[in-house]
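> Task: produce atomic coordinates for the following.
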Amino acid sequence: MMAHILSTGDEVLLGDIIDTNSAFLCTALKELGIKVQKITAVGDELDTLASNIVDISLQTDLCFVTGGLGPTRDDLTSVACSKASGQALELNVTALASMQSYFEKRGFKFTKDNEKQAMLPLTSKMLVNHNGTAPGFYMKINQCLFFFMPGVPSEMKLMFEQEIKKVLVTEFDLNEDILIERLTVFGLPESKVGSLLNGFDMNFFGMRLGFKADFPVIEVKIILSVTFQNRYKADSDMAVAKKWVVAQLENKVVSDQGLTLAQEVGRLLTQQKKTLAIAESCTGGLISNMVTDVAGSSDYFLFSAVTYSNEAKMNVLNVQKKTILEHGAVHEKTALEMAQGARLKAGADFAISTTGIAGPGGGTDDKPVGMVCIGLAGPSFAKAKTYRFSFEDRFKNKQMFAMTALERLRRHLVSLAKTA
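From the prediction side, this is the model:
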């Protein structure tokens, strides 16, 4: 089965936004056994959009259209679909009720402009938007089934997962399930991950690997198509494959459940009933942001201090003035005292700290850009270690510093779990 993706909006063509929707759809459709044949981007021009819809309707089985369902005058997707299909637009009462309910729950005022979003082609069927105002819809034009979705990624993804997948299974009688196991890898480049897993295809017939790089982590997916006949052994086959992948990547798999590093640290802290404090200098609150992005982090996260200046390190975390004068802000002794100070200030079980040079300036021969000292303090220990990274990009350095600090804590928590 072949599919086409049509991404709409002047902002896509002008480079004002990155088209992450198409990347998501390619991956999601691949996992359903649907191959994307082509991706097209068009601007907010009615005739061009309508002619593209007509051309696609004669060439492929499925088309997924993103964008142009909003209330403003440049949102033309429904009108273009009407023109391409020869069907008039009419007020869809189900779509209207869904929108009004969304507005009422959030205390927003429903206007006549918003009503425009409920004007859909006559034979189309509405798709509920669980995360926004614009309803989606789907309909057949010539030989192709079109799905029209919002351009906002969070809205589009939820609509695909909760609405469109069900339609695809029903309409096309998909009798294969796709089993996917996700593993999160930190500390290896994508090329190295790929080379370490070179023997996978020979060892696990019928399975395939997928890789997604999201600096500085790599997601490894193990994908298995499951038919009714082999369902009974699919889970055990997948477990064996996952064990093999983890073994090949040694200690670089930070989660065999596809969790982020912050989620995995949170899981371990919750499991062990421990709490955390964080002291940051060069990472500027990035670690704390990662930790608090995890739902339920209030159960274990107690305290954060962004002590960027030397004075803040001394006044807030009780880093000794002597330490700063003798060793400077970027030193293992400073990182050690930062972690100890944060732990004591919060009354936490553990604390981590970062102090380093993110760049692009500020480095010296002794303390170059990319150098970071990371402290880790617990009930009966405190230690610090220096790392050096070679990225010239300031944010990449900050990301590596933050992730490395979380990884140090994760490894310590794993070692505790093994000895418990």
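> Verify the contact between residue 102 and residue 133 for me.
Yes. Taking contacts as CB atoms under 8 Å, residue 102 lies within contact range of residue 133: 5.8 Å. (C-beta placed from N, C-alpha, C; glycine too.)
> Which stretches in the stretch 151-300 of the chain count as strands?
For the stretch 151-300 of the chain, the strands defined by DSSP state E, counting those that start in this stretch occupy 177-186, 207-214, 217-226, 253-255, 276-280.
> what's the closest of those to residue 392?
strand 207-214 (18.4 Å; CB to CB).
> quick one: buried residues of the closest one?
By neighbour count on 16 or more other CB atoms under 10 Å, the buried set for strand 207-214 is 207, 209.
> Quickly run through the sheet partners of that strand, with directions.
Strand pairing for strand 207-214, determined by DSSP bridges: strand 217-226 (antiparallel).
> tell me which residues of whichever strand or helix holds residue 55 are tucked away?
Using DSSP states H and E, residue 55 sits within helix 46-57. By neighbour count on 16+ other CB under 10 Å, the buried set for helix 46-57 is 49, 50, 52, 53, 54, 56, 57.
> what's the burial count for the residue lying closest to residue 266 once chain neighbours are set aside?
Spatial nearest neighbour of residue 266, excluding adjacent residues (CB to CB, 6 or more residues apart in numbering): residue 294 at 4.7 Å. With neighbours defined by other CB atoms under 10 Å, the count for residue 294 comes to 20.
> what's the distance between residue 299 and residue 416?
Distance of residue 299 to residue 416, given as CB to CB, to the nearest Å: 18 Å.
> Please identify the buried residues of the top helix by length along the chain?
Longest helix of the chain, by residue count under DSSP state H: helix 394-419. If you call a residue buried by 16+ other CB under 10 Å, then helix 394-419 has these buried ones: 396-410, 412-413.
> Cross-check the contact I'm expecting between residue 335 and residue 355.
Yes. Shown here, residue 335 and residue 355 form a contact pair, counting by CB under 8 Å, at 5.1 Å.
> if I've got this straight, residue 137 is in a strand?
Yes. Counting by DSSP: H, G, I helix; E, B strand; the rest coil, residue 137 falls inside a strand.
> mind listing the helices for the stretch 151-300 of the chain?
Ranges of helices in the stretch 151-300 of the chain, per DSSP state H, counting those that start in this stretch, are 153-159, 165-172, 190-196, 200-203, 231-248, 261-272, 286-292.
> For the last one, buried residues please.
Pointing back at helix 286-292 there. 286, 287, 288, 290, 291, 292.
> again, but for the first one
For helix 153-159, a neighbour-count test (16+ other CB under 10 Å) marks 153, 155, 156, 157, 158, 159 as buried.
> ok, the fourth one to residue 151 distance?
Computed as CB to CB, the residue 157 to residue 151 distance reads 12 Å.
> got the contact list for the residue nearest to residue 266?
Contact partners of residue 294, counting by CB atoms under 8 Å, 6 or more residues apart in numbering, are 260, 262, 263, 266.
> circling back: mean pLDDT lowest for which of the helices of the stretch 151-300 of the chain?
Note on the helices of the stretch 151-300 of the chain: lowest mean pLDDT is at helix 165-172, with a mean of 86.
> Against which helices or strands is it packed?
For helix 165-172, there is no helix or strand it packs on, judged by 3 or more CB pairs under 8 Å, 6 or more residues apart in numbering; DSSP states H and E.
> what mean pLDDT does the stretch of helix or strand residue 303 belongs to have?
Taking DSSP H and E as the definition, residue 303 sits inside strand 301-306. Averaging pLDDT along strand 301-306 gives 98.
> for it, the distance to its chain's centre please.
How far strand 301-306 lies from its chain's middle: 24 Å, per CA atoms, centre = their mean, to the nearest Å.
> Next, the angle from that strand to strand 276-280.
10 degrees (axes from the mean of the first three to the mean of the last three CA atoms, to 10 degrees).
> Identify the bridge partners of the most centrally placed residue in the chain.
The chain has residue 214 as the residue nearest its centroid, 8.2 Å off, counting by CA atoms, centre = their mean. On the basis of DSSP bridges, residue 214 is bridged to residue 217.
> Domain-wise, how is this protein divided?
The chain breaks down by automatic domain parsing into domains covering 2-172, 177-255, 261-419.
> Mind telling me which of the ones you listed the model trusts least?
Minimum mean pLDDT among the domains of the chain: domain 177-255, a mean of 89.
> element containing residue 385, please.
Take DSSP H and E as the rule and residue 385 turns out to sit in strand 381-388.
> in that strand, what counts as buried?
Within strand 381-388, the residues that count as buried by 16+ other CB under 10 Å are 382, 384, 387.
> what number of residues lie near residue 41?
Other residues within reach of residue 41 by the criterion other CB under 10 Å amount to 16.
> And for it, nearest residue in space, chain neighbours not counted?
residue 7 (4.5 Å).
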